[in-house]
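> my questions are about this predicted structure, shown below with the sequence.
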Amino acid sequence: MAAPPEISFNALVVSLATTAAVHLGDVAESTTGEKMPPNLEASGHMLDLLSVLAEKTKGNLTSDEERFLTQVLYELRMRFIDAKKAADGVAPTVAS
């Protein structure tokens, strides 16, 4: 029998970020295994939830947790911008 998944702040962030990635069309949906077209409203909502989490936990996270959340938010925001540009017919941002 497999061990239960770790319950931690970073696991919560990963869960929310994975949901955002599914809505961005980057990750296959767990029940169907299919990648869906981007849903900017739903992915934006997940980004908003992560932003609220960052704001409400400010000053209460370890440096590793804060760094992890900041990095995840940055990457998802960049991906959201690219998905929005694609939906608007604009060339995506080049990542360095």
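Noted; the coordinates are in hand. Residues are numbered from 1 along each chain as shown.

> and the lengthiest helix in the chain, what does it pack against?
Using DSSP state H to define each element, the chain has its longest helix at helix 63-88. Using 3 or more C-beta pairs under 8 Å, 6 or more residues apart in numbering; DSSP states H and E, the elements in contact with helix 63-88 are helix 9-23, helix 40-57. To be clear about C-beta, it is placed using only N, CA and C from the backbone, and glycine gets the same treatment.

> which one of the ones you listed lies nearest to Ser30?
Judged by C-beta to C-beta, the one of those that comes nearest to Ser30 is helix 9-23, at 7.8 Å.

> dump the residue contacts of Val72.
By C-beta atoms under 8 Å, 6 or more residues apart in numbering, Val72 lies in contact with Val13, Val14, Ala17, Leu50.

> picking up where we left off before, which one of the helices and strands packed on helix 63-88 is the most hemmed in?
Ranked by mean neighbour count, the helices and strands packed on helix 63-88 are led by helix 9-23 with a mean of 17 (mean count of other C-beta atoms under 10 Å).

> which of the three states applies to Met36?
With DSSP: H, G, I helix; E, B strand; the rest coil as the basis, Met36 sits in coil.

> whoops, I mixed them up, Gly25
Three-state assignment for Gly25 (three-state DSSP): coil.

> could you pull up the residues touching the residue nearest the centre of the chain?
The residue lying closest to the centre of the chain (C-alpha atoms, centre = their mean) is Ala17, at 2.8 Å. By C-beta under 8 Å, 6+ apart, the contact set of Ala17 is Met46, Leu50, Val72, Leu76.

> any idea how far Leu61 is from it?
16 Å (C-beta to C-beta, to the nearest Å).

> Lys84 too?
29 Å.

> which residues of this protein score low on pLDDT?
For the chain, the stretches with pLDDT under 70 are 91-96.

> go again with 50.
The model of the chain has pLDDT under 50 over residues 96.

> so how far is stretch 57-66 from its chain's centroid?
18 Å (C-alpha atoms, centre = their mean, to the nearest Å).

> stretch 69-82 now?
With C-alpha atoms, centre = their mean, you get 7 Å for stretch 69-82.
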